[in-house]
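**Q** can't give you the sequence, but here's the structure:
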């Protein structure tokens, strides 16, 4: 079982940067793809980025490509989301998620993620 805890959210001006971290406590972290999703008020949870268990392959939503970077440190059992050039439209609660153990590839679907963090609020002022 994995427990995920996000940190690093906050308030930032448009054009600024934030880095989210998500620390895992389980033993299977290294064998799971990891993803970041976000949910704005009144909207569905949407895919942001994901990274394969090996760290060699990542995927991004078109809306964040070139601005956000996902990375993982398996030794620290932590996944990161570096967010640059933030826009007001990026404001949301951000969730990290762990995919099914030993599953190949990475997914953009929430149903393919087994464990979720509690969320971190990101607010972007214009």
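**A** Nice, thanks for sending it over. Model, not experiment: these values are computed from the prediction. Residues are numbered from 1 along each chain as shown.
**Q** the residue nearest in space to the middle of the chain bridge partners, please.
**A** For the chain, residue 36 is the residue whose C-alpha lies nearest the centre (CA atoms, centre = their mean; 2.1 Å). Listed by DSSP bridges, the beta-bridge partners for residue 36 are residue 49, residue 96.
**Q** now do the contacts for the closest residue to residue 58 other than its chain neighbours.
**A** Nearest residue to residue 58, sequence neighbours excluded (CB to CB, 6 or more residues apart in numbering): residue 51, at 4.5 Å. Yep, even glycine has a C-beta here, placed from its N, CA and C like the rest. Applying CB atoms under 8 Å, 6 or more residues apart in numbering, one finds that residue 51 lies in contact with 33, 34, 35, 57, 58, 59, 70, 71, 72, 79, 106.
**Q** and residue 1, how many neighbours?
**A** Around residue 1 there are 9 other residues, counting by other CB atoms under 10 Å.
**Q** residue contacts, it?
**A** Residue 1 makes contacts with 26, 115, as judged by CB under 8 Å, 6+ apart.
**Q** list the contacts for residue 114?
**A** Counted by CB under 8 Å, 6+ apart, residue 114 has contacts 2, 32, 97, 98, 99, 100, 101.
**Q** and those residues, which of them are in strands?
**A** Within these, residues falling in strands by DSSP state E are 97, 98, 99.
**Q** which of the residues you listed lies closest to residue 110?
**A** Nearest to residue 110 among the ones in strands among the contacts of residue 114, counting by CB to CB, is residue 97 at 7.4 Å.
**Q** ok, and the closest non-adjacent residue to that closest one?
**A** When the adjacent residues along the chain are set aside, residue 97 lies closest to residue 113, with 3.7 Å between them (CB to CB, 6+ apart).
**Q** strands of the chain, residue ranges please.
**A** Secondary structure of the chain (DSSP E): strands at 4-7, 10-13, 18-24, 34-39, 46-51, 58-60, 68-73, 78-83, 92-99, 113-116, 120-125.
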